[in-house]
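Engineer: Predicted model, plus sequence, below.
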Amino acid sequence: MKKNNEPMTIDVSFSKGAQITASFNDFSIHYDQSVSSGGEGRYPNPFEHFLASLASCSAYYAKAYCDARNIPINGMELRAVFSRLDEPPTYAIELKLPEGFPEKEREGIQRAVDKCAVKKMVLNPPHFSLKLV
């Protein structure tokens, strides 16, 4: 993994139909589109993966907070719900704390989850550019 201040390069290759693969560092992530959008639905589409990455990032920070304080995570669950029914759309995260979670740590875990880098990028978006070569 690169340091935060180093550029990250992501190479995307095209496969059959609507399938694509994003490669970076030593990882490859496969994407597809739903059948109704011209794909086979074999993999999540990029937007679904983005939404899942926001939930996963939040869960990581919640777990890291508990691990650093030796708070057991048995029973801890995180659920995220994205809805386009609202205007603007909503993304709600619900963190079910484990039984016996210390009351004094509730504010701290909330702050920890708010450190999610994906959420920070949504709230403070980067400059986007496209160069045709």
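Structural biologist: Structure received. Numbering: from 1, shown residues only.

Engineer: Give me the spatial nearest neighbour of the spatially most central residue of the chain, chain neighbours excluded.
Structural biologist: By CA atoms, centre = their mean, the mean C-alpha position of the chain lies nearest to S53, the distance being 1.4 Å. Nearest non-adjacent residue to S53, counting by CB to CB, 6 or more residues apart in numbering: V118, 5.3 Å away. (Each C-beta comes from the backbone N, C-alpha and C, glycine too.)

Engineer: A strand includes L95, no?
Structural biologist: Yes - under DSSP: H, G, I helix; E, B strand; the rest coil, L95 falls within a strand.

Engineer: Could you report the distance from it to K104?
Structural biologist: 16 Å (CB to CB, to the nearest Å).

Engineer: between these two, who's got more neighbours?
Structural biologist: L95 (17 against 7; other CB atoms under 10 Å).

Engineer: Helix, strand or coil: sort out the spatially closest residue to the more buried one that is not a sequence neighbour for me.
Structural biologist: Among residues not flanking L95 along the chain, L78 sits closest, at 5.1 Å (CB to CB, 6+ apart). With three-state DSSP as the basis, L78 sits in strand.
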